[in-house]
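In: give the three-dimensional model of this entry:
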Amino acid sequence: MAADDTATGTATDVFEEHRGFLLGVAYRMLGRVADAEDVVQESWLRWSAADRGDVREPRAYLARVTTRLAVDRLRQVRARRETYVGPWLPEPLPTDLHAPPSVPDGAERVVLAESVSFAVLVVLESLSPLERAVFVLREAFGFPFAEIAATLERSVPAVRQLASRARSHVEERRPRFEADPEQQRDLTERFLAAAAAGDLPGLLAVLAPDVRLIGDSGGKAKAPRRIMGSADKVGRFVAAIAQQGITGLDVALVEFNGAVGVLATSDGRPHTALVLDVADGCVHSVYLVTNPDKLARLAP
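Out: Next up is the predicted model:
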């Protein structure tokens, strides 16, 4: 047992105390729960084998290990994503089940919800691994620049430059974010009702003129393989899906990535996950995930 274990608990106790936080860092870095869990597991192996006697701040130490592993993993998975069939979206994360209990309601929780939103995670895909790491640690978790610099083995000025570049990139490209859950729920319900009825006018009433539909099937299910734009195209596509119909499909409102979403199941198996980006009283983006690999964890 390391020298500090008797004072702060066993290695397992200390790690478990920070597991949710580490998973949050890794998921924001990678966009896949399985990849994030692999990184956290590797972090545990390194933590359990480390000489913890000199570790004064386990949270900072574990964040450093996890971030470095996530950067390495991100470089690996990006090579695979170059051959991915169609658009790539993050794996839906049921945040009502995975929300860190230590995070209070209010402004801090809004920031964390936005940092895990589909809109932000999609934009983060266009950052370099180092830019993404800096953005996640700084913007989502408020790490000081000096600590991020030590984590990434870069100078503080270099980290500040990475942070500025990443923040500007995200602000320029992410859709507008609506933090009002009531408005989001209302528009999601109206969208869902119009879609179920194949009601094109009803859909057009909630869609922004420049709305985009992004579908992720990975080539393993039905979904558009190109980003679809304009209210007319998106509305007609959604209405057409409803007219085709799927036997035994059950639909429920859930919370994905800090926002109200829709989970459709067929015979108890996840079929589709849908999240809407809402702002100014209308839908600006429709994220549609049908890739079974990304839905498997959503099974009841």
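In: got a pLDDT number for residue 248?
Out: Residue 248 is assigned a pLDDT of 69 by the prediction.
In: repeat for residue 222
Out: At residue 222, pLDDT is 88.
In: grab the nearest non-local neighbour of residue 252.
Out: Spatially, and ignoring its direct neighbours in sequence, residue 252 is nearest to residue 263 (5.5 Å; Cβ to Cβ, 6 or more residues apart in numbering). From N, CA and C alone the C-beta is placed, and that goes for glycine too.
In: dump the residue contacts of the nearest residue to residue 222 once chain neighbours are set aside.
Out: Nearest non-adjacent residue to residue 222, counting by Cβ to Cβ, 6+ apart: residue 290, 6.2 Å away. With contact set as Cβ atoms under 8 Å, 6 or more residues apart in numbering, residue 290 has these partners: 215-217, 220-223, 271-273.
In: just to revisit the earlier point, and the host helix or strand of the residue nearest to residue 252, which strands flank it?
Out: Per DSSP states H and E, residue 263 falls inside strand 259-266. Strand 259-266 pairs in its sheet with strand 249-256 (antiparallel), strand 269-279 (antiparallel), by DSSP bridges.
In: do you know which of those lies nearest residue 139?
Out: For the strands paired with strand 259-266, proximity to residue 139 was assessed by Cβ to Cβ; strand 269-279 is nearest, at 18.4 Å.
In: if we can go back for a sec, just the strands paired with strand 259-266: most buried one?
Out: Greatest average neighbour count among these goes to strand 269-279 (a mean of 22), per mean count of other Cβ atoms under 10 Å.
In: re earlier: so how far is the strand holding residue 263 off the chain centroid?
Out: 15 Å (Cα atoms, centre = their mean, to the nearest Å).
In: give me the contact list for that strand.
Out: Under the contact criterion Cβ under 8 Å, 6+ apart, strand 259-266 has outside partners 92, 113, 117-118, 181, 184-185, 188, 192, 246-256, 270-276, 278, 298, 300.
In: how about 7 Å then?
Out: Strand 259-266 is contacted from outside by 92, 117, 181, 184-185, 188, 192, 246, 248-255, 270-275, 298, using Cβ atoms under 7 Å, 6 or more residues apart in numbering.
In: stretch 203-214 too?
Out: By Cβ under 7 Å, 6+ apart, stretch 203-214 touches 87, 89, 187, 190-191, 194-195, 224, 227-231, 234-235, 237-239, 282-288.
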